[in-house]
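**Q** model this:
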Amino acid sequence: QLDNVEFLVDDADYLGSVLAEDGYRFQVIQHGNRNAIERVFWEIERRTSSFADSFSNVALETAQNWLEAVAVYHNSRQT
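**A** Numbers count the residues shown, from 1 in each chain. A predicted model of the protein is given here:
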């Protein structure tokens with residue numbers, strides 16, 4: 001079900017050639033919104049990894065309590 005899909009690829013040469021070889025449509029985008037979205041995902045990955053490193057040796061209940069406290073704090077902040 002990929003007939004109407006256009007893949008967005010960065011400057012990785014192999015991606016375009018593989019997609020073209022298989023007959024898929026693609027567009028090379030090196031700047032703009034795609035890079036901004038990649039930065040957001042990179043930051044989420046970095047924070048998730050940092051959290052996992054910080055809580056890798058604690059009981060599940062401790063990590064759960066900490067996450068709940070952070071959620072309460074975050075959701076109650078006035079902006």
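
**Q** Residues contacting the longest helix along the chain, please?
**A** Across the chain, the helix with the greatest residue count (assigned by DSSP state H) is helix 33-54. Contacts with helix 33-54, where a contact means Cβ atoms under 8 Å, 6 or more residues apart in numbering, come from 8, 10. Quick note: C-beta positions are derived from backbone N, CA and C, even for glycine.

**Q** could you point out which element follows it?
**A** Next helix or strand after helix 33-54 toward the C-terminus (DSSP states H and E): helix 60-76.

**Q** Give me the mean pLDDT for that following helix.
**A** The average pLDDT within helix 60-76 is 89.

**Q** C-alpha coordinates for it, PDB please?
**A** Taking Å, rounded to 0.1, in the frame of the first residue of the first chain, the C-alpha atoms of helix 60-76 are listed here in PDB:
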ATOM      1  CA  LEU A  60      10.400   0.100  39.500                       C
ATOM      2  CA  GLU A  61       8.200   1.700  42.200                       C
ATOM      3  CA  THR A  62      10.900   4.400  42.700                       C
ATOM      4  CA  ALA A  63      11.000   5.300  39.000                       C
ATOM      5  CA  GLN A  64       7.200   5.300  38.900                       C
ATOM      6  CA  ASN A  65       6.900   7.600  41.900                       C
ATOM      7  CA  TRP A  66       9.400  10.000  40.400                       C
ATOM      8  CA  LEU A  67       7.600  10.100  37.000                       C
ATOM      9  CA  GLU A  68       4.300  10.800  38.700                       C
ATOM     10  CA  ALA A  69       5.800  13.600  40.800                       C
ATOM     11  CA  VAL A  70       7.300  15.200  37.600                       C
ATOM     12  CA  ALA A  71       4.000  14.900  35.800                       C
ATOM     13  CA  VAL A  72       2.200  16.600  38.600                       C
ATOM     14  CA  TYR A  73       4.800  19.400  38.700                       C
ATOM     15  CA  HIS A  74       4.800  19.800  34.900                       C
ATOM     16  CA  ASN A  75       1.000  19.800  34.600                       C
ATOM     17  CA  SER A  76       0.500  22.300  37.400                       C
END
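
**Q** I'd like the domain boundaries of the chain, if you could list them.
**A** 1-30, 32-78 (the TED database).
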